[in-house]
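*Asks:* sequence-free structure coming up:
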């Protein structure tokens, strides 16, 4: 599918004006987490990246290249959108978003505020474990 999307992107003359589709990056933590921070929009098939895209320090629109998701919270909150698996439909929807909307919800992430580790340490300290 990725090759089909890349071929369609090239056939319709996509320029750097909007999103440029790249091959998937590895899940090495530092590179993976830096990637969504440096882009305008995320295309994915992964449940995890749908959560990461909503993080307070990332907050990106995520187009999910699937027909269903286990992270419906991200869809309901407006951070993610199911766009299916047909390359032309995927590219058309992204361009429609760029030309007509280009927004990310201002509401909080449905997956938390990014401070879970701090809260866990506080609880452990209060319980005498650290």
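*Replies:* Ah, there it is. As the structure is a computational prediction, the values presented were derived from the model and not from experiment.

*Asks:* alpha carbons only for contacts and neighbour counts from here, please
*Replies:* Fine.

*Asks:* can you name every helix or strand that the longest helix along the chain contacts?
*Replies:* Longest helix in the chain by number of residues (criterion: DSSP state H): helix 87-100. With contacts defined as 3 or more C-alpha pairs under 8 Å, 6 or more residues apart in numbering; DSSP states H and E, helix 87-100 has these neighbours: helix 2-11.

*Asks:* thinking again about what came up before, mind listing what's buried in the longest helix of the chain?
*Replies:* Using 16 or more other C-alpha atoms under 10 Å as the test for burial, helix 87-100 gives 87, 90, 91, 94, 95, 98.

*Asks:* centre-most residue in the chain?
*Replies:* With distances taken as C-alpha atoms, centre = their mean, the residue of the chain nearest its centroid is residue 62 (3.4 Å).

*Asks:* quick one: which helix or strand includes that residue?
*Replies:* strand 61-64 (DSSP states H and E).

*Asks:* which other helices and strands contact that strand?
*Replies:* Contacts defined by 3+ C-alpha pairs under 8 Å, 6+ apart place strand 61-64 against strand 41-44, strand 80-82.

*Asks:* low-confidence ranges in this protein?
*Replies:* Scanning the chain with the threshold set as pLDDT under 70 gives 1-38, 47.

*Asks:* secondary structure class for residue 104?
*Replies:* The three-state assignment at residue 104 reads coil, by DSSP: H, G, I helix; E, B strand; the rest coil.

*Asks:* can you give me the neighbour number for it?
*Replies:* By the measure other C-alpha atoms under 10 Å, the count of residues near residue 104 is 16.

*Asks:* please apply the same query to residue 106.
*Replies:* 10.

*Asks:* closest to residue 79 out of the buried residues of helix 87-100?
*Replies:* residue 94 (13.5 Å; C-alpha to C-alpha).

*Asks:* and the closest one, how far is that from residue 60?
*Replies:* Note on residue 94: its distance to residue 60, by C-alpha to C-alpha, to the nearest Å, is 13 Å.

*Asks:* common neighbours of those two, please.
*Replies:* Residues touching both residue 94 and residue 60 (C-alpha atoms under 8 Å, 6 or more residues apart in numbering): there are none.

*Asks:* identify the residue nearest residue 80 in space, chain neighbours excluded?
*Replies:* Nearest residue to residue 80, sequence neighbours excluded (C-alpha to C-alpha, 6 or more residues apart in numbering): residue 62, at 4.5 Å.
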